[in-house]
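Peer 1: Here is a sequence with its predicted model. Questions after.
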Amino acid sequence: MNPPLWSAAPFPALLITVALLEVLAAGWWSRLTSKALVCAAFAAPAAAHLLTADGGPAALAHSLTEYVSFLSLLAALYVIAGGIHLRGSLAGTPLANAGMLTVGAVLANLVGTTGAAMLLIRPFLRANARRRRRAHLVVFFILIVANAGGLLTPIGDPPLYLGYLKGVPFDWTLRLWGPWLFVNGVLILMFNLIDQFLVNREERQDLATGLMDQLIVHEPLRVEGRRNLLLLAAVVLLLVARLPAPVTAAGLWAITYLSWRITPPGVHRDNHFTFGPIASVAIIFAAVFVTMTQPLLILNARAADTGLTEPWQYFWATGALSSGLDNAPTYLAFTAVAAGLLGISIDDPTYLNTLISTPTGSDLLYAISCGAVIMGALTYIGNGPNLMVKEVAEHRGVRMPHFFAYAAVALIVMLPVLAATTFLFFPPGSPP
């Protein structure tokens, strides 16, 4: 199957429309019905074309299967984390905030970026409730906890989980510790310097408030909804079990429902828990997964024309596409390109195990994994938790940057980090 280039049009049109509506019609766009209408308007013609194209129905079915797996995991982690309430708060000082981001970067590998983000974003905002400027807190939270933090385990981020399902050993991702440590360490240091600067400026602007005295006040933390911790462990065990995809999805939905039923209403109320954020993600990404099918088919069909041969090229190509496409399907697209480069068939459901059995394939997958996970932070739709964190923050009164503004800020922050990462771990000209 060699799809025509014009058939990819619904995907970029969807992304542009979502971005523009968020800026120009935020009130209307905030309603779920509005999101559903717009997303259906682009997904329907894309699906119709696939259903009539040679090989299209199978490709569409594959995309929808990946979507169900993607959403099942996100929904389970979102609902379970929403049933755990950390009562009390940490201090909202720059050092304490950096410490919480550090905890989040580690925790993301144990309960996923979605679980860690939903578990920590509320106490993180509560600790800084007295701050005038809080948007930067959430931006760095997305960069670290919702993305780069989850680089060390298949549970950490959806693309790595898909890689695990395609044959990557569970412990293989631990070799990514170098980029994980460097990227998260630099981001946390940058955050601490920026946060300290903003705190100092707020203090100078209004000396009467005694901001630092307020920020160091905190209540001891205690956990409510502890039964959900057992359900988090159940999710981890279910993912590690390598069961067939439908069985895993059914198990995740069962755990999600159980979490909702056993969580005391007071915990949900204290967390300001609603299904709005996950519903928004479900609607938008349903359209993303449908409309992205044609671009991925075009990429796979023309893999020989990509010119990608070195790890640094895969790092940047995967990352660039992840930021606008979602990092999970992008990961699969570029692993298929890498496999084709080495003459490995992707018909084998565990083809990635064959890919990493060669030094060249292992190096390429190393770069693809880093690009997908780290650069998924560059837009709100680069990774599922990004939109959830944004909506939770806005619900708590944080004025978040719109789609384009966030992308610009994230790129300014990340570009020097990504450049340094390239030369440290994927130097141009090095053999793959």
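Peer 2: Okay, I see it. Residues are numbered from 1 along each chain as shown.

Peer 1: Check which helix or strand the closest residue to residue 311 other than its chain neighbours maps to.
Peer 2: Leaving aside its sequence neighbours, residue 311 sits nearest to residue 367 (CB to CB, 6 or more residues apart in numbering; 3.8 Å). Where you see a C-beta, it was placed from the backbone N, CA and C, and this is true even at glycine. Using DSSP states H and E, residue 367 sits within helix 359-375.

Peer 1: any idea how far residue 159 lies from residue 225?
Peer 2: 29 Å (CB to CB, to the nearest Å).

Peer 1: These two: who's more crowded?
Peer 2: residue 159 (29 against 23; other CB atoms under 10 Å).

Peer 1: My read is that the more buried one contacts residue 334, right?
Peer 2: No. Residue 159 is beyond contact range of residue 334, at 9.8 Å (criterion: CB atoms under 8 Å).

Peer 1: Just the endpoints, please. Distance across stretch 376-392?
Peer 2: 19 Å (CA to CA, to the nearest Å).

Peer 1: what's the average pLDDT for that stretch?
Peer 2: For stretch 376-392, mean pLDDT rounds to 88.

Peer 1: before we move on, what about stretch 32-43?
Peer 2: 95.

Peer 1: for that stretch, the distance to its chain's centre please.
Peer 2: Offset of stretch 32-43 from its chain centre (CA atoms, centre = their mean, to the nearest Å): 22 Å.

Peer 1: Would you indicate which residues of it are buried?
Peer 2: Across stretch 32-43, burial judged by 16 or more other CB atoms under 10 Å covers 35-36, 38-39, 42-43.

Peer 1: try stretch 14-22
Peer 2: So, applying 16+ other CB under 10 Å, buried residues of stretch 14-22: 14-15, 17-19, 21-22.

Peer 1: Show me the contact partners of it.
Peer 2: With CB atoms under 8 Å, 6 or more residues apart in numbering as the test, stretch 14-22 has contacts from 28-29, 34, 38-39, 42-43, 284, 287-288, 291, 324, 381, 402-404.

Peer 1: What segments of the chain are strands?
Peer 2: Per DSSP state E, the chain carries strands over the ranges 85-89, 219-224.

Peer 1: any idea of the mean pLDDT in the first one?
Peer 2: Looking back up the chat, that one is strand 85-89. 71.

Peer 1: Same question for stretch 69-78.
Peer 2: Here the average pLDDT along stretch 69-78 is 87.

Peer 1: and the gap between the residue most central in space within the chain and residue 33?
Peer 2: Per CA atoms, centre = their mean, the C-alpha nearest to the average position across the chain is that of residue 383, at 2.7 Å. Going from residue 383 to residue 33 by CB to CB gives 25 Å.

Peer 1: ok, now residue 342?
Peer 2: 47 Å.

Peer 1: Between residue 159 and residue 334, which contacts overlap?
Peer 2: Counting by CB under 8 Å, 6+ apart, the residues touching both residue 159 and residue 334 are residue 372.

Peer 1: Show me the buried residues of stretch 32-43 that map onto helices.
Peer 2: 35-36, 38-39, 42-43 (DSSP state H).

Peer 1: Just the C-alphas of stretch 317-336, formatted as CSV.
Peer 2: Extracted in CSV, the C-alpha atoms of stretch 317-336 (Å, rounded to 0.1, in the frame of the first residue of the first chain):
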residue,chain,number,x,y,z
ALA,A,317,13.0,12.9,13.8
THR,A,318,11.1,10.8,16.4
GLY,A,319,11.1,13.7,18.8
ALA,A,320,9.8,16.3,16.3
LEU,A,321,7.0,14.1,15.2
SER,A,322,6.2,13.0,18.7
SER,A,323,5.6,16.6,19.7
GLY,A,324,2.7,17.0,17.3
LEU,A,325,1.5,13.5,16.7
ASP,A,326,1.7,11.8,20.2
ASN,A,327,4.8,9.8,21.1
ALA,A,328,3.3,6.3,21.2
PRO,A,329,2.4,5.9,17.5
THR,A,330,5.5,7.9,16.5
TYR,A,331,7.7,5.4,18.4
LEU,A,332,6.1,2.6,16.4
ALA,A,333,6.5,4.4,13.1
PHE,A,334,10.2,5.0,13.5
THR,A,335,11.0,1.6,14.9
ALA,A,336,9.4,0.2,11.7
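
Peer 1: tell me which residues of stretch 53-65 are tucked away?
Peer 2: For stretch 53-65, by 16+ other CB under 10 Å, it's 53, 56, 59-60, 63.

Peer 1: Give me the nearest residue to residue 295, chain neighbours excluded.
Peer 2: Using CB to CB, 6+ apart, the nearest residue to residue 295 is residue 8, at 4.4 Å.

Peer 1: how near is the residue nearest to residue 64 when sequence neighbours are not counted to residue 31?
Peer 2: Once flanking residues are discounted, residue 64 sits nearest to residue 289: 6.8 Å by CB to CB, 6+ apart. Going from residue 289 to residue 31 by CB to CB gives 22 Å.
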